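In: Sequence and predicted model, in that order:
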There are 2 protein chains.
Amino acid sequence: VTGALASELADVVGPAHVLTARDVVAGYEVDWTGRWHGRASLVVRPGTAEEVAAVLRACAARPIPVVAQGGNTGLVGGAVPFDAVVLSTTRLSELQPVDEGSAQMTVGAGVTLSALQQHAEGAGLAFAVDLAARDTATVGGMVATNAGGLHVLRHGPMRAQVAGLEAVLPDGRVISRLAGLLKDNTGYDLSGLLVGSEGTLAIVTSARLRLVPPPAARVTALLGVSGTEEAVARTASVWRAGIGLEAAELFYDDGLALVCSMTGLAPPFGRRRPPAYLLLECAGPQDPTAALAELVADAADSAVAGDARGRAALWAYRERHTEAIGAIGVPHKLDVSVPPGVLPRFAAEARRLIEAAGARAVLFGHVADGNLHVNVVGPDPEDNTLDGAVLRAAVRHGGTISAEHGIGRAKTPWLELSRSPAELATMTAIKAAFDPAGLLNPGVLLPGPPAG
Amino acid sequence: VTGALASELADVVGPAHVLTARDVVAGYEVDWTGRWHGRASLVVRPGTAEEVAAVLRACAARPIPVVAQGGNTGLVGGAVPFDAVVLSTTRLSELQPVDEGSAQMTVGAGVTLSALQQHAEGAGLAFAVDLAARDTATVGGMVATNAGGLHVLRHGPMRAQVAGLEAVLPDGRVISRLAGLLKDNTGYDLSGLLVGSEGTLAIVTSARLRLVPPPAARVTALLGVSGTEEAVARTASVWRAGIGLEAAELFYDDGLALVCSMTGLAPPFGRRRPPAYLLLECAGPQDPTAALAELVADAADSAVAGDARGRAALWAYRERHTEAIGAIGVPHKLDVSVPPGVLPRFAAEARRLIEAAGARAVLFGHVADGNLHVNVVGPDPEDNTLDGAVLRAAVRHGGTISAEHGIGRAKTPWLELSRSPAELATMTAIKAAFDPAGLLNPGVLLPGPPAG
């Protein structure tokens, strides 16, 4: 079967873009975390929306499931094939000229975040979403997962940047909403619905993206705080001052100590060791430095930097958490959010739960979003008991089991904690409306019908 | 049938809230424009989501269609009943306390825009959407139509303000996403899909709304410009300066002359009569007056005002267009948008088309959104030939047949100009997923299945 399909797809995309050699295909069968290992029938790399459509028609005719894969940097196993065709989007890499009149641009789904950032900067504009995987993560994957990142507080997640999408339905029909109209009330928002749908409804081939004016000035402050509560209160007061708060990152003394011991960084405030740290960043057309400095003047420990080097030195304490945690074990990464006001109580409970189970908790997060990255080091990687307990606690506090990573395969067992039976039934009905045969990414996000 | 239904619904909501007297019901059968006259079986006014659910179950059991109606200020006939039950949302008027931690609030679908604006202001915050019908338009209607208004350029339309919804499905099941989480990637964005769905998928009962910090300073400038092209270029340069551009309104010399003659206002620049006018408004934490004044210093004619009275005097030239147009006839109001860069060509073509048909064109609009309100005075109110020609021209220029008013009943004949067969089929499949019996607002937005 694979041979006949490979031959048919080679006619569509050219033989060079149908990969069947086991060692080559193997690279597409495992996810970034190394937790998920699947099996692909083959990998096909279409170069246009029309080729994507022809690939989907060929797969639907058999039928064989299709999994779209971009940079493969997802953290929940959402792009791992299980006896499916991998449709790699990396050749959908067109960067159309920036439309300066509307401050938008149309880019292919396979364009990387850093490529589109550079493209926008070339026109004197900026793209509002940024995240650490910028050199690998693609537009298509960021759309499919509604990627969050460092500036959600200011500019919203990926959904807020999408002015429209081009996507191919499972039967090969193409939907195209790339005009980039700021106002367009002509029925259901299909583009918005595809954002965050994890490749289960259609395959995104192009995106029309909003751009923002680049800030003239940017300033970063690192404060020592008494705990989560003070971090939440200070973040709210800086947000209310309206001075362009873009990031409000929280971490704790034990995480900082781990970072310093694993990386050799000197602690920020010498021997003074406050219980928690709050990193604030503001940006805007006018220099926010004086206003931010005044707002944090009453903190016992603080450092403020407006130059790139000084800012990077402050960010390092937060950004190097991931590498420091990885150095002591394979963590279970639980990405949850709760209403910001509840963050103090939830963070304390998550820590208690993890430590009571004899594991180690390293917590950090985005205060204004109520988004806490709960890293659990110590338990058996195959044992999900503690994961479930932490996710249940987040939901009990009015939160969600997935803030920015999505559901993928990793969190389907707990989806019913965050979505009611009526919502699950509605999602299943929407899935059937787009993909009645269940061919797109079956088993991801929602339980799929039996393949074939 | 109506008697038995009325009695059953009276058991749900109380007899006082089931309206059957012909003269009372008549007020719910005609729309704000007076163009659409329908017929309601009865009017039911539930006070809670549970009562809405019971009403929908009772109607589904018969079955009889249901049309949700809020302030009834829509402009496209989207809330007019045709042998249906009117579900009036005005008793869903709960205003929950503002959550200052998340800068959000939960309000009932029947709350008016002005009531929610005042409620937010009481907590030192602001609601980002504003429009002229603020004393009557309700949250539910604004959600159903994805209302736009005066600040879309800065803050986006209603969709951007909705952090989540509570809604009742046609079979009475309730979906509730009111936690207001800024990050929540757990499957399809049902709340976002309901925004702009015009009451065809579910009935919204509550909304969780985002609030913004109120600006410390606000300044308005009115410029004389040489035409649409200069208006577009100047708007882009002020937007790029990043000084909080919130409104960029365009109107023309003939419209201004009409306003002055109908209202008695003195023209803004004495005897000088530039071909077009651009009204710009900026707001932010720092006073944008100096920056805006510098950006418009090279205009031959300009007026800048920072006080409420002076600003209102400048806005009057724009806002009194509607009343001045109404004084000379019953206009066909065509609300279209095109990419902003194309606005000059489209505005000229729309004017040519209308004048060639012997009718009078009065144009005004929101430059940055590419949104032009095309008022046609003169043709037979029942003759849609010219409407179709203008809508076709908008689409030919890459635009849409409805910028902010929606489709309703008025624009269904032209929906296929803006949505492809694949999109229409997908919308129809989504409608069937939510409302398989076609009971919610049949005939609005999409052609409905035969009722009953």
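Out: Great, that's in hand. Here the structure is a predicted model, which means the values were calculated and not measured.
In: gap between the nearest residue to A:Val129 once chain neighbours are set aside and B:Leu280?
Out: Once flanking residues are discounted, A:Val129 sits nearest to A:Gly149: 5.2 Å by C-beta to C-beta, 6 or more residues apart in numbering or on different chains. C-beta coordinates here come from the backbone N, C-alpha and C atoms, glycine included. A:Gly149 sits 32 Å away from B:Leu280, going by C-beta to C-beta, to the nearest Å.
In: So these two - more neighbours on which side?
Out: Neighbour count, other C-beta atoms under 10 Å in any protein chain shown: between A:Gly149 and B:Leu280, B:Leu280 has more, with 27 against 21.
In: of all the residues in the stretch 1-150 of chain A, which ones are close to chain B?
Out: Taking C-beta under 8 Å from any C-beta of the partner chain as the contact definition, the stretch 1-150 of chain A meets chain B at A:99-103, A:124, A:145-146, A:148.
In: Which members of these are the farthest-apart pair?
Out: Of all pairs drawn from the residues of the stretch 1-150 of chain A next to chain B, the greatest distance, 30.0 Å, lies between A:Gly101 and A:Thr145 (C-beta to C-beta).
In: Neighbour count for the two, which is higher?
Out: Taking neighbours as other C-beta under 10 Å, A:Gly101 and A:Thr145 compare with A:Thr145 leading, 30 against 18.
In: quick one: low-confidence parts of the stretch 351-452 of chain A?
Out: A:381, A:448-452 (pLDDT under 70).
In: Go again with 80.
Out: A:379-382, A:447-452 (pLDDT under 80).
In: Equivalent analysis for chain A, please.
Out: For chain A, the stretches with pLDDT under 80 are A:1-2, A:33, A:101, A:285, A:330, A:379-382, A:447-452.
In: Show me the residue sitting in the middle of it in space.
Out: Central residue of chain A (C-alpha atoms, centre = their mean): A:Ala147, 3.2 Å from the mean position.
In: How about it, nearest residue that isn't a chain neighbour?
Out: Once flanking residues are discounted, A:Ala147 sits nearest to A:Met158: 4.6 Å by C-beta to C-beta, 6+ apart.
In: How about A:Ala266?
Out: With C-beta to C-beta, 6+ apart as the criterion, A:Ala266 has its nearest non-adjacent residue at 7.0 Å, and that residue is A:Cys260.
In: Could you give the secondary structure assignment for that neighbour?
Out: helix (DSSP: H, G, I helix; E, B strand; the rest coil).
In: any idea how far B:Ala207 is from it?
Out: According to C-beta to C-beta, A:Cys260 and B:Ala207 sit 46 Å apart.
In: Looking at the two, which is more packed in?
Out: Using other C-beta under 10 Å as the criterion, A:Cys260 and B:Ala207 rank with B:Ala207 on top: 30 against 16.
In: Bridge partners for the more buried one, pull those for me.
Out: Using DSSP bridges, the beta-bridge partners of B:Ala207 come out as B:Val107, B:Leu165.
In: residues contacting it?
Out: By C-beta atoms under 8 Å, 6 or more residues apart in numbering or on different chains, B:Ala207 lies in contact with B:106-107, B:109, B:139-140, B:143, B:162, B:164-166.
In: Pick out the most distant pair among the residues you listed.
Out: B:Gly140 and B:Gly164 (14.3 Å).
In: Write out the residues of the stretch 351-452 of chain A neighbouring chain B.
Out: Residues of the stretch 351-452 of chain A found near chain B (C-beta under 8 Å from any C-beta) are A:366, A:368-371, A:398-407, A:411, A:415, A:418-420, A:422-423, A:425-427, A:429-430, A:432-434, A:445-446.
In: Sort out which of those residues are buried, if you could.
Out: With burial judged by 16 or more other C-beta atoms under 10 Å in any protein chain shown, the buried subset of these is A:366, A:368-371, A:398-407, A:411, A:415, A:418-419, A:422-423, A:425-427, A:429-430, A:432-434, A:445-446.
In: Stretch A:308-328: how far from the chain's middle?
Out: Here the centre of stretch A:308-328 is set off from its chain's centre by 19 Å, with C-alpha atoms, centre = their mean, to the nearest Å.
In: Identify each buried residue in whichever strand or helix holds A:Leu256, please.
Out: A:Leu256 belongs to helix A:253-263 when assigned by DSSP states H and E. Judged by neighbour count using 16+ other C-beta under 10 Å, the buried positions of helix A:253-263 are A:255-256, A:258-260, A:262.
In: got a list of contacts for it?
Out: For helix A:253-263, the external contacting residues (C-beta under 8 Å, 6+ apart) are A:265-268, A:273-277, A:316-317, A:320-321, A:323-325, A:327-328, A:362-364.
In: Next step: these restricted to helices.
Out: Mapping the contacts of helix A:253-263 onto helices (DSSP state H) picks out A:316-317, A:321, A:323-325.
In: Can you select the buried ones among those residues for me in PyMOL?
Out: What follows is the PyMOL syntax selecting those of the ones in helices among the contacts of helix A:253-263 that are buried according to 16+ other C-beta under 10 Å:
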select buried, chain A and resi 317+321+324+325
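In: sec struct for the nearest residue to A:Ala179 once chain neighbours are set aside, please.
Out: Leaving aside its sequence neighbours, A:Ala179 sits nearest to B:Gly398 (C-beta to C-beta, 6+ apart; 5.2 Å). Three-state call for B:Gly398 (three-state DSSP): coil.
In: cool, and A:Tyr188?
Out: Classified using three-state DSSP, A:Tyr188 is coil.
In: what number of residues lie near A:Ala233?
Out: Other residues within reach of A:Ala233, judged by other C-beta under 10 Å, total 16.
In: one step back: what residues are up against the residue nearest to A:Ala179?
Out: By C-beta under 8 Å, 6+ apart, B:Gly398 lies in contact with A:179, B:338-339, B:342.
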